[in-house]
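> sequence first, then the predicted structure, then my questions.
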Amino acid sequence: MSSLLPPILATEQGRRRALRAALRLAEATPLAPNAYEQELLAQFVRGDLTLDQLEYRMEVHRRDNSLC
């Protein structure tokens, strides 16, 4: 993870807490993540993706799906 990230994102537990808070805010809104985005978020929480990778993959997914 990048040293520019807030300390809460440095650990899996911190990423999990931050994600739970964000999901509560997005619940029942158009911002709520779909199944694919939820999987990407889970990969981020586990540390399998960096924040930059997560953002890139979500942008590509949205762009590809907006072309349909």
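Everything's here; your move. Residues are numbered from 1 along each chain as shown.
> how much space separates the closest residue to Y36 other than its chain neighbours from T29?
Spatial nearest neighbour of Y36, chain neighbours left out: H61 (6.0 Å); criterion: Cβ to Cβ, 6 or more residues apart in numbering. All C-beta atoms are positioned from the backbone trio N, CA, C, and that covers glycine. Counting by Cβ to Cβ, to the nearest Å, the gap from H61 to T29 is 18 Å.
> out of these two, which sits in the busier spot?
H61 (14 against 7; other Cβ atoms under 10 Å).
> which strands or helices does the host helix or strand of the more buried one pack on?
Assigned by DSSP states H and E, H61 belongs to helix 51-66. Helices and strands touching helix 51-66, as assessed by 3 or more Cβ pairs under 8 Å, 6 or more residues apart in numbering; DSSP states H and E, comprise helix 35-46.
> which other helices and strands contact the helix it packs on?
Using 3+ Cβ pairs under 8 Å, 6+ apart as the test, helix 35-46 ends up in contact with helix 12-26, helix 51-66.
> just the CA trace of the longest one, in CSV.
In this case it means helix 51-66. Written as CSV, here are the backbone C-alpha positions of helix 51-66 (Å, rounded to 0.1, in the frame of the first residue of the first chain):
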residue,chain,number,x,y,z
LEU,A,51,-6.5,1.5,-4.0
ASP,A,52,-5.2,2.6,-7.4
GLN,A,53,-5.9,-0.9,-8.9
LEU,A,54,-9.4,-0.9,-7.3
GLU,A,55,-10.2,2.5,-8.8
TYR,A,56,-8.8,1.5,-12.2
ARG,A,57,-10.8,-1.7,-12.4
MET,A,58,-14.0,0.0,-11.3
GLU,A,59,-13.6,2.7,-13.9
VAL,A,60,-12.9,0.1,-16.7
HIS,A,61,-16.0,-1.9,-15.6
ARG,A,62,-18.2,1.2,-15.6
ARG,A,63,-16.9,2.3,-18.9
ASP,A,64,-17.4,-1.1,-20.5
ASN,A,65,-20.9,-1.4,-19.1
SER,A,66,-21.9,2.0,-20.2
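> pull out the buried residues from it.
Buried positions in helix 51-66, judged by neighbour count with 16 or more other Cβ atoms under 10 Å: 54, 57-58.
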